[in-house]
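Peer 1: pasting a predicted model and its sequence here:
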Amino acid sequence: MNCARSIAAVLFALSICRVLSGQAPLAKDVPKVFVGFLDDAREEMANWEPGVPRDRFVRPAFEKVGSGWRLVNAWSLPARMTWTIAFDGKSLGKVKSEAWEIGDRITQGRMDQGFRTIVQAIMTPMVAVPSVGPPSNHFAGLMASGPGKVRRPLVLVSKPYFGDPDGWKRLPQPPDRIANLVDRFLDNIAIRFILV
């Protein structure tokens with residue numbers, strides 16, 4: 001089941017790229033567009049204690065380059081960013097993030113060693129950072145069987161792009177359709193990413 005959730009998360013991220021690619025084209029002098037996730041500090045779950053992680057991070061994930069998207073790298077990120085929180089075709093607000101200070105150096109992001117992703121510190125007061133639904137183990141990934149719970153990860157966009165031009169809506173799907181989709185995804189798409 002966790003594998004299916006992970007695959008669903010990848011499909012969701014790819015669909016976000018699809019939605020964002022429908023936005024107006026960027027001119028050369030316009031700043032880049034970044035997509036990331038507002039997420040809990042999941043390394044706090046490693047102690048298998050009950051409860052919700054205290055800290056939250058911005059996890060930058062993709063950047064628009066020309067007409068395509070690529071994985072973000074720490075050197076392409078601005079030191080300070082303001083993100084629009086997008087959910088279900090609406091803006092839930094904004095969150096500010098900042099590069100991490102390590103000693104006397106400032107890095108554009110730090111590599112979260114447990115998860116191999118870039119994370120930035122949230123500068124917005126935590127009481128002003130929204131969440132959707134109650135914390136649960138539904139979005140906990142590999143640690144879903146533990147006693148810890150996490151908030152639902154939310155999509156962040158560095159520009160105020162949150163609309164859904166195609167009007168997509170979630171619909172419940174029968175389990176056999178989901179299994180078929182997972183099989184087709186693994187056969188046709190995931191293999192290409194592994195071989196590239």
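Peer 2: Cool, the structure landed. Since this is a predicted model, take the numbers as computed values, not measurements.
Peer 1: how many neighbouring residues does Val33 have?
Peer 2: Neighbours of Val33 under the rule other C-beta atoms under 10 Å: 18. Any C-beta I mention is one placed from the backbone N, CA and C, and that applies to glycine too.
Peer 1: doesn't Val65 make contact with it?
Peer 2: No - using C-beta atoms under 8 Å as the test, Val33 is too far from Val65 to be in contact (9.5 Å).
Peer 1: what is the least confident helix or strand in the protein?
Peer 2: Here the helix or strand of the chain ranked lowest by mean pLDDT, DSSP states H and E is strand 105-106, holding a mean of 42.
Peer 1: just to check, Phe62 is in contact with Phe37?
Peer 2: No - under the contact definition of C-beta under 8 Å, Phe62 does not touch Phe37, with a separation of 10.1 Å.
Peer 1: tell me who's in contact with Phe87.
Peer 2: Phe87 makes contact with Val132, Leu154, Val155, Phe162, according to C-beta atoms under 8 Å, 6 or more residues apart in numbering.
Peer 1: now the second one: closest residue in space that isn't a chain neighbour?
Peer 2: Among residues not flanking Leu154 along the chain, Leu38 sits closest, at 4.4 Å (C-beta to C-beta, 6 or more residues apart in numbering).
Peer 1: that neighbour: neighbour count?
Peer 2: Based on other C-beta under 10 Å, the number of other residues close to Leu38 is 25.
Peer 1: assign it to helix, strand or coil.
Peer 2: Each residue gets one of three states, and Leu38 gets strand by DSSP: H, G, I helix; E, B strand; the rest coil.
Peer 1: so for whichever helix or strand Ile178 is part of, what gets flagged as buried?
Peer 2: With elements taken from DSSP states H and E, the one containing Ile178 is helix 175-185. By neighbour count, and taking 16 or more other C-beta atoms under 10 Å as the criterion, the buried residues in helix 175-185 are Val182, Phe185.
Peer 1: got it, and stretch 137-147?
Peer 2: Within stretch 137-147, the residues scored as buried using 16+ other C-beta under 10 Å are Phe139, Ala140, Gly141, Met143, Ala144.
Peer 1: go on, stretch 89-100?
Peer 2: Leu92, Val95, Lys96, Ser97, Glu98, Ala99, Trp100.
Peer 1: so which residues of this structure form strands?
Peer 2: For the chain, the strands defined by DSSP state E occupy 34-40, 56-65, 68-71, 80-87, 90-98, 101-102, 105-106, 110-112, 117-122, 154-157.
Peer 1: what about this structure, any weak spots by pLDDT?
Peer 2: Counting by pLDDT under 70, the low-confidence segments of the chain come to 1-31, 101-117, 189-196.
Peer 1: at the geometric centre of it, which residue sits there?
Peer 2: Central residue check for the chain by C-alpha atoms, centre = their mean: the C-alpha nearest the mean position is that of Phe37, 2.7 Å away.
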